[in-house]
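Enquirer: Structure for this input, please:
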Amino acid sequence: MNALAIPAAPTLDSHTYSLIIDLQAALEGSERDTVSAAGRQLCRHLLERYQQPQEASAERLSLAPWQERKAKEILARSLTARLFIADVAEQCAMSRSHFSRAFKRATGMSPQEWSLDLRVRRAKELLCDQAMPISVISLECGFADQSHFSRMFGKLVGTTPKRWRQLNIPLAESA
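Expert: Below you'll find the model as predicted:
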């Protein structure tokens, strides 16, 4: 998408015309500093005069519903596998940086935060099964090891997986 709006009429305002003449003269004189200054002046003027309002750029930062749905599906399927955000962005037909900003705008979380949140939610489900060791749960949810799992779980939930299990098992059994 072009950030500049093209004027409806093929005429230029007098200031733009004057700046173009200055740039042309500088190009013919081939003085590097003069060309650079004239080019900057022309660009600054064109942006001030013809740039679209910021609201239009905010629209470009959002995900289409199909892109958000697809990204979440890919992230959810890749709970235990190493996933590169650039690959998700490519499947959503976006650049990595644009996708990351748009995903955060749509969900309130970066793709990495959303994925981590999903992994911790899955871990809570598995923690309700007392027979399943925490070390196995950590691997099932895509963490490198139990230590990494406990650290991330504690950061997001505010308690260790073991303590969370102790506090929530009675609730799970009575349901």
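
Enquirer: Mind picking out the helix or strand in the chain with the poorest mean pLDDT?
Expert: helix 54-60 (a mean of 48; mean pLDDT, DSSP states H and E).

Enquirer: and the helix or strand following that helix, what does it pack onto?
Expert: Sequence-wise, the next helix or strand downstream of helix 54-60 (DSSP states H and E) is helix 65-77. The contact analysis (3 or more Cβ pairs under 8 Å, 6 or more residues apart in numbering; DSSP states H and E) places helix 65-77 against helix 85-91, helix 96-107, helix 111-127. All C-beta spots, glycine's among them, are computed from the backbone N, C-alpha and C.

Enquirer: Contacts for stretch 151-163 next, please.
Expert: By Cβ atoms under 8 Å, 6 or more residues apart in numbering, the residues outside stretch 151-163 that reach it are 116-117, 119-120, 123-124, 127, 134, 137-138, 143, 149-150, 164, 167.

Enquirer: quick one: buried residues of it?
Expert: 152-153, 161 (16 or more other Cβ atoms under 10 Å).

Enquirer: With pLDDT as added columns, please give the residues you listed in CSV.
Expert: Listed next are the buried residues of stretch 151-163 as CSV, based on pLDDT from 0 to 100:
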residue, pLDDT
152, 95
153, 96
161, 96
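
Enquirer: Now intersect these with the helices, please.
Expert: 152-153, 161 (DSSP state H).

Enquirer: Please state the offset of stretch 19-31 from the chain centre?
Expert: 41 Å (Cα atoms, centre = their mean, to the nearest Å).

Enquirer: Over to stretch 63-74?
Expert: 12 Å.

Enquirer: same question, stretch 68-75
Expert: Between the centre of stretch 68-75 and the centre of its chain there are 13 Å (Cα atoms, centre = their mean).

Enquirer: tell me the mean pLDDT for it?
Expert: Mean pLDDT, stretch 68-75: 94.

Enquirer: And for stretch 78-85?
Expert: For stretch 78-85, the mean pLDDT works out to 84.

Enquirer: tell me how far the ends of stretch 141-161 are from each other?
Expert: Chord length of stretch 141-161, first to last residue, is 13 Å (Cα to Cα, to the nearest Å).

Enquirer: What residues does the residue nearest the centre of the chain make contact with?
Expert: Nearest to the geometric centre of the chain sits residue 100, at 1.2 Å (Cα atoms, centre = their mean). Counting by Cβ under 8 Å, 6+ apart, residue 100 makes contact with 85, 89, 110-111.

Enquirer: how does it look with 10 Å?
Expert: Neighbour list for residue 100: 85-86, 88-89, 94, 110-112 [criterion: Cβ atoms under 10 Å, 6 or more residues apart in numbering].
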